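Novice: Test case, fold it:
(chains A and B)
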Amino acid sequence: MAVIDTTRDPRALTLAITSQLFAPPERVWQLWADPRQLERWWGPPGFPATFIEHDFVPGGAARYFMTSPEGEKNPAWMRFRRIEPHTSIEMDEGFGEVPDEAPPGFPAGMRMTARLEDSYGGTRMTITTTFSSVETMERVLAMGQQEGLALALSQADAILAAG
Amino acid sequence: MVVELLERDEVDRLFAALADATRRDILTRVLHEEASVSALAARYAMSFAAVQKHVAVLERAALVTKERRGREQLVRGAVDTVRAANRLLAQYEEIWRGRIERIDALLADDS
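Specialist: Take a look at the predicted model:
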């Protein structure tokens, strides 16, 4: 199993999830640094993420949208606060077209750090996310629920195709 | 409909978590007063690992929260807002589990 530990702290609105990956940190780093690779895992099946900007330097921003099966585009952004190659990334995340801004009616975003460590010839990756509010979590999960449906549908398709 | 499906999932987890007498007992205790996993383990005729597993099932159902303090892991019964936040974090965790699965698949493609 890739996920080896998760810690939830509901008082601090923080989730930490640790995984063991079968590739060295230099390789795992590309999954974050190269937007074409990031697109292949950030959005779930049926909800592809498309990055239109990915300025992967400290202070730089990324802008992307996730397209729903109905074709609806959900814009979102990342603001890279700290980047230590092959080691760690710290970023703010939020919704809307404009980095650092929450559009009217949208809650503020969340802060995420990714830490990569050499471990048994592979990489131990720890993702820690702290939400600014319960409303932010609800908003993220409103999308998550759509993701859940998309995933279920794609799996049903695969089963039907196999049958 | 999607929401209904997810809620049913959640209800399933809740019932599964409460279907076991030991887990109900653990929950009752930690709702009353927080306890470390080792303190709980001392109360039951089963291994530390078995008690830890029961706590993990309660945690997945968002009925308890766990907090590391030094070498101990403190278990608390989750109530109201904490419980709501915990449930949302549990759902967010599923999003990241999906991402990590896809990362795994991508890395497997390399070789």
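Novice: which parts of the host helix or strand of residue A:26 are buried?
Specialist: Assessed by DSSP states H and E, residue A:26 sits inside helix A:25-33. In terms of neighbour count (16 or more other Cβ atoms under 10 Å in any protein chain shown), helix A:25-33 has its buried residues at A:25, A:27-29, A:31-32. In this view, the C-beta of every residue, glycine as well, is placed from N, C-alpha and C.
Novice: now, which of those residues sits nearest residue A:48?
Specialist: Using Cβ to Cβ, residue A:31 is the member of the buried residues of helix A:25-33 that lies nearest residue A:48, at 15.6 Å.
Novice: who touches the nearest residue to the closest one once chain neighbours are set aside in this structure?
Specialist: Once flanking residues are discounted, residue A:31 sits nearest to residue A:37: 5.0 Å by Cβ to Cβ, 6 or more residues apart in numbering or on different chains. Residue A:37 sits next to A:30-31, B:106 when contact means Cβ atoms under 8 Å, 6 or more residues apart in numbering or on different chains.
Novice: same question, residue B:36
Specialist: Taking Cβ under 8 Å, 6+ apart, we find residue B:36 in contact with B:72-75.
Novice: at 6 Å what do you get?
Specialist: For residue B:36, the contacting residues are B:72, B:74, by Cβ atoms under 6 Å, 6 or more residues apart in numbering or on different chains.
Novice: What does the pLDDT read for it?
Specialist: Reading off the confidence values, residue B:36 has pLDDT 94.
Novice: Just to check, residue A:22 is in contact with residue A:123?
Specialist: No. In this structure, residue A:22 is not within contact of residue A:123 by Cβ atoms under 6 Å, at 8.3 Å.
Novice: So for the two, which sits in the more crowded spot?
Specialist: More neighbours surround residue A:123 than the other of residue A:22 and residue A:123, with 24 against 16 (other Cβ atoms under 10 Å in any protein chain shown).
Novice: did I read that right, the more buried one in a helix?
Specialist: No. Read with DSSP: H, G, I helix; E, B strand; the rest coil, residue A:123 is strand and lies in no helix.
Novice: Spell out which parts of chain A neighbour chain B.
Specialist: Counting by Cβ under 6 Å from any Cβ of the partner chain, the positions of chain A adjacent to chain B are A:2-3, A:6, A:8, A:10, A:15, A:17, A:19, A:22-23, A:40-41, A:44, A:134, A:137, A:141, A:144-145, A:149.
Novice: Can I get the buried part of the residues you listed as one ChimeraX selection?
Specialist: Buried residues among those (16+ other Cβ under 10 Å), as a ChimeraX selection:
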select /A:2,3,6,8,10,15,17,19,22,23,40,41,44,137,141,144,149
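Novice: Which positions in chain B make contact with chain A?
Specialist: Residues of chain B lying close to chain A (Cβ under 6 Å from any Cβ) are B:2, B:6, B:65, B:82, B:85-86, B:88-89, B:91-93, B:95-100, B:102-104, B:106-107.
Novice: can we see that at 8 Å?
Specialist: Within reach of chain A by Cβ under 8 Å from any Cβ of the partner chain, chain B has these residues: B:2-3, B:5-6, B:59, B:65-68, B:78, B:81-86, B:88-104, B:106-108, B:110.
Novice: how big is the angle separating the host helix or strand of residue B:97 from helix A:25-33?
Specialist: Taking DSSP H and E as the definition, residue B:97 sits inside helix B:80-110. Here the directions of helix B:80-110 and helix A:25-33 differ by 120 degrees (axes from the mean of the first three to the mean of the last three Cα atoms, to 10 degrees).
Novice: Please give me every residue in contact with the most centrally placed residue in chain B.
Specialist: Centroid check for chain B by Cα atoms, centre = their mean gives residue B:59 as the closest residue, at 1.6 Å. Residue B:59 makes contact with A:8, B:65-66 under the criterion Cβ under 8 Å, 6+ apart.
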